[in-house]
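*Asks:* turn this into a structure:
(2 chains)
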There are 2 protein chains.
Amino acid sequence: MGPGPSDVPQRILDAMARPTIGHLDPAFVDLMEQIKAMLRMAFKTENALTFPVSAPGSAGMEMCFVNLIEPGDKVIVCRNGVFGGRMLENVKRTGGVPVVVDDTWGAPVSPDKVRDAFKANPDAKLLAFVHAETSTGAQSDAAALANIAREHGALTIMDCVTSLGGTPIHLDTWGIDAAYSGSQKCLSCTPGLSPVSFSPRAIDRIQARRTPVQSWFLDLSLVLGYWQSAGKRTYHHTAPINPMYGLHEALVMLEEEGLENAWARHRSMHEKLKAGLEALGLQYVVAEDASLPQLNSVYVPQGVDEAAVRSRLLSAFNLEIGAGLGDMAGKIWRIGLMGYSAKQANVDYCLDALGQCLRG
Amino acid sequence: MGPGPSDVPQRILDAMARPTIGHLDPAFVDLMEQIKAMLRMAFKTENALTFPVSAPGSAGMEMCFVNLIEPGDKVIVCRNGVFGGRMLENVKRTGGVPVVVDDTWGAPVSPDKVRDAFKANPDAKLLAFVHAETSTGAQSDAAALANIAREHGALTIMDCVTSLGGTPIHLDTWGIDAAYSGSQKCLSCTPGLSPVSFSPRAIDRIQARRTPVQSWFLDLSLVLGYWQSAGKRTYHHTAPINPMYGLHEALVMLEEEGLENAWARHRSMHEKLKAGLEALGLQYVVAEDASLPQLNSVYVPQGVDEAAVRSRLLSAFNLEIGAGLGDMAGKIWRIGLMGYSAKQANVDYCLDALGQCLRG
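*Replies:* Now for the predicted structure:
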């Protein structure tokens, strides 16, 4: 019950152990097509270019930035936690000119500040923000932010590593141009793959580039050849076959439950956990209207050795919860309710174990 | 029996399905330390910085180039097949100035040409070559090439995607400064991880950089923090936990067999396959003294529809062999004897099936 990887159900683990076939085998090509279709369902998008990058979320993030930024492009980057800071790092390394919009850790990104940043920088070509900040548990208003970007003729990159499958995402309705996620959060798959999706506007931008993409591995024009429809497939790299089996099974399970049902389950478990944590005297970092159901951050009470509690939870209760990252290190715990882990038994077990630890 | 992924033994598939634990869990940290130690065994190196990149071999390749090249650095790149060409692409995208040494596809890299290239370019800072060219089956003399680079004060990057575990590699004896491989060839693990190793000289070069590494995901100074010894571990990215279980098991199996025994097995199976293929009238692309045991390329006989044969092998015999890549497309077949696949039963089965297809 940390901030991910979440618990992986046996069905997905079993899928990981299926015999490895070749990455150019027609049966594997079919499986990839099914994965793409189910990812479109999960992202709520019609984007043709929706697929899993063969590497963790950090690589999915980098794919978005290196393909959409050319040296000198101005990019408005929202930073309200660790992962906004990582976006900024990506902008710098891609030769972009960042304009940083800072918000307090634990607060959502302020649409007003973003609007001001666009007014001061009308030539900004991109807006980048984190939908679900895993370092704090804050959820930002993606629809409002993407709308501001569109009004100013800019494209939008959204980090939804922790939101996909756990809290509503509407890529097309919101008008997001590039999104990246991870397999190991609310999809409850094993870590190592990064679902991404690019809008037709994003593809136009990429095809109009004047400079080559700095990364060979993450160059979408090459990856496109690999992921395009069967028959014309060209070799780019050897896909991680077995992890793809796992992701496929995770998406089948999401389809079986129903995406909206999965969102509702996360919300309901969050409410139960929150009531219990507050009954233990713990205070949430994030205001309820911006709280992510799947990532519950609470302040460590005065006088409690936070690392000792986590260590005891792991050794005596076989239960992992997360520490604070960056500015929040030592100050908060992060309790995940992600995917398969978002269930009543886990809520009860966590509240009981944490209660015992806090009583000493 | 294609050019990889090779068959994955049940033991490794079973390992992939073990319960997923957190990437910061002490038990996972122990597993990572064991993987690093066993990779040193496989690479024949004492390099402390030896670990699996959390992405396929293409990303391992890119990690070597983006960390060791700074814009303007001159790099001698040897190209005798597809993967040498990919190295060249990496040099260009990293802002390096490439000096290309071309050799015929199917021939090894010529040490004489490399020596001439260094004489004409005494300021070259790097030599890059492919040890085992998967597109042709040619093996180059890594010791001789690295020696020339060292005489000229240059570092050496070696692609050993297809050689690791299948044919002798002596990283330290040869004096290789950066090497990358893949999990899915002679280690018989599932695809998706790229073992890499960096010498102390390579680390010195990286630490003396004047410019930041262009990739965040592949920046060794960040990855170093993640892979350094337990206790000081900082979060970089979420490692692909289950594939690491698979790689661990693959390396345990290699240790059980003994590295030298594995090399000898590949050699012996190659000799049997070669005798059989030649008895079928097929001609090898690569001269025997440069032939990789684990990748057997033969010319498609005149008048034979090469794709139809591969398709029939797959549908009627459940057997995959590889097509030619790049300049070799349509002209050759590539038959892999990699890792677990390098066994007598496979040699016999392949010769029988191919014989039936060729007889019509």
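*Asks:* what sits against the spatially most central residue of chain A?
*Replies:* Nearest residue to the geometric centre of chain A (CA atoms, centre = their mean): residue A:161, 0.6 Å. Applying CB atoms under 8 Å, 6 or more residues apart in numbering or on different chains to residue A:161 gives the contacts A:57, A:60, A:83, A:132, A:134, A:180, A:181, A:182, A:185, A:194. Any C-beta I mention is one placed from the backbone N, CA and C, and that applies to glycine too.
*Asks:* grab the nearest non-local neighbour of the last one.
*Replies:* Going back to what we said before, that points to residue A:194. residue A:60 (2.9 Å; CB to CB, 6 or more residues apart in numbering or on different chains).
*Asks:* the first one now?
*Replies:* Nearest-residue entry for residue A:57: residue A:182, 3.7 Å, with adjacent residues in sequence omitted and distances by CB to CB, 6+ apart.
*Asks:* just checking, the one you found touches residue A:60?
*Replies:* Yes. Under the criterion of CB atoms under 8 Å, residue A:182 makes contact with residue A:60 at 7.3 Å.
*Asks:* tell me who's in contact with residue A:106.
*Replies:* When contacts are taken as CB under 8 Å, 6+ apart, residue A:106 is in contact with A:80, A:136, A:137, A:138, A:285, A:286, A:297.
*Asks:* and for residue A:319?
*Replies:* Residue A:319 sits in contact with A:1, A:313, A:349, A:350, A:353, where contact means CB under 8 Å, 6+ apart.
*Asks:* let's see that with 6 Å instead.
*Replies:* A:313, A:353 (CB atoms under 6 Å, 6 or more residues apart in numbering or on different chains).
*Asks:* isn't residue A:69 up against residue A:96?
*Replies:* Yes. Between residue A:69 and residue A:96 there is a contact at 4.3 Å, judged by CB atoms under 6 Å.
*Asks:* can you tell me the closest non-neighbouring residue to residue A:215?
*Replies:* Here the residue nearest residue A:215, using CB to CB, 6+ apart, is residue A:66, at 5.0 Å.
*Asks:* can you tell me the helix or strand for that neighbour?
*Replies:* Assigned by DSSP states H and E, residue A:66 belongs to helix A:57-68.
*Asks:* convert the C-alpha atoms of the helix or strand following that helix to PDB, please.
*Replies:* Per DSSP H and E, helix A:57-68 leads on to strand A:74-79 as the next helix or strand towards the C-terminus. Output in PDB follows, covering the C-alpha atoms of strand A:74-79 (Å, rounded to 0.1, in the frame of the first residue of the first chain):
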ATOM      1  CA  LYS A  74       9.300  28.000 -24.500                       C
ATOM      2  CA  VAL A  75       7.500  25.600 -22.200                       C
ATOM      3  CA  ILE A  76       5.300  26.500 -19.200                       C
ATOM      4  CA  VAL A  77       6.000  23.900 -16.500                       C
ATOM      5  CA  CYS A  78       3.900  23.500 -13.400                       C
ATOM      6  CA  ARG A  79       5.700  22.400 -10.300                       C
END
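*Asks:* residues in contact with strand A:74-79?
*Replies:* So strand A:74-79 is contacted by A:84-85, A:87-88, A:91, A:96-102, A:109, A:117, A:121, A:123-124, A:126-129 (CB under 6 Å, 6+ apart).
*Asks:* tell me the strands beside that strand, with direction?
*Replies:* strand A:97-102 (parallel), strand A:126-130 (parallel) (DSSP bridges).
*Asks:* mean neighbour count and mean pLDDT added to the ones you listed, as CSV?
*Replies:* CSV is the format used below for the strands paired with strand A:74-79 (neighbours: other CB atoms under 10 Å in any protein chain shown; pLDDT from 0 to 100):
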stretch, mean neighbour count, mean pLDDT
strand A:97-102, 19, 98
strand A:126-130, 29, 98
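*Asks:* re earlier: which of the contacts of residue A:106 fall within helices?
*Replies:* Among the contacts of residue A:106, no member falls in helices (DSSP state H).
*Asks:* pick the one among these closest to chain B.
*Replies:* residue A:136 (14.8 Å; CB to the nearest CB).
*Asks:* neighbours around that closest one, how many?
*Replies:* 31 (other CB atoms under 10 Å in any protein chain shown).
*Asks:* quick check: it vs residue A:107, distance?
*Replies:* For residue A:136, the distance to residue A:107 equals 8 Å [CB to CB, to the nearest Å].
*Asks:* in the lengthiest helix in chain A, what's buried?
*Replies:* The helix that spans the most residues within chain A, counting by DSSP H, is helix A:259-279. Using 16 or more other CB atoms under 10 Å in any protein chain shown as the burial criterion, the residues of helix A:259-279 that qualify are A:259, A:262, A:263, A:265, A:266, A:267, A:269, A:270, A:273, A:274, A:276, A:277.
*Asks:* likewise for stretch A:33-43?
*Replies:* A:35, A:36, A:38, A:39, A:40, A:42, A:43.
*Asks:* of those residues, which belong to helices?
*Replies:* Per DSSP H, the buried residues of stretch A:33-43 map to helices at A:35, A:36, A:38, A:39, A:40, A:42, A:43.
*Asks:* where does chain A have its least confident helix or strand?
*Replies:* helix A:220-227 (a mean of 75; mean pLDDT, DSSP states H and E).
*Asks:* output the below-cut-off pLDDT ranges for chain A.
*Replies:* Applying pLDDT under 70 to chain A flags residues A:225-235, A:360.
*Asks:* how about the residues of it by chain B?
*Replies:* Residues of chain A lying close to chain B (CB under 6 Å from any CB of the partner chain) are A:2, A:5, A:8, A:13, A:16-17, A:20, A:22, A:54-56, A:58-59, A:62, A:89-90, A:93, A:184, A:190-192, A:214, A:216-217, A:237-238, A:240-243, A:320.
*Asks:* if we can go back for a sec, now do the longest helix of chain A: which elements does it pack against?
*Replies:* Counting contacts by 3 or more CB pairs under 6 Å, 6 or more residues apart in numbering or on different chains; DSSP states H and E, helix A:259-279 packs against helix A:344-359.
*Asks:* try it again with 8 Å
*Replies:* strand A:295-299, helix A:344-359 (3 or more CB pairs under 8 Å, 6 or more residues apart in numbering or on different chains; DSSP states H and E).
*Asks:* and the host helix or strand of residue A:158, which strands flank it?
*Replies:* Take DSSP H and E as the rule and residue A:158 turns out to sit in strand A:155-159. Applying DSSP bridges, strand A:155-159 is found paired with strand A:126-130 (parallel), strand A:178-180 (parallel).
*Asks:* chain center to the very next helix or strand once past that strand, what's the gap?
*Replies:* Going down the chain from strand A:155-159, the next helix or strand is helix A:171-174, by DSSP H and E. From the chain centre to the centre of helix A:171-174 is a distance of 16 Å (CA atoms, centre = their mean, to the nearest Å).
*Asks:* now do stretch A:211-219
*Replies:* 22 Å.
*Asks:* with distance to residue A:166 as extra columns, can I get the strands paired with strand A:74-79 in TSV?
*Replies:* Shown next, in TSV, are those (distance: least, CB to CB, whole Å):
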stretch	distance to residue A:166
strand A:97-102	25
strand A:126-130	14
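*Asks:* quick revisit: shared neighbours, residue A:136 and residue A:107?
*Replies:* A:80, A:286.
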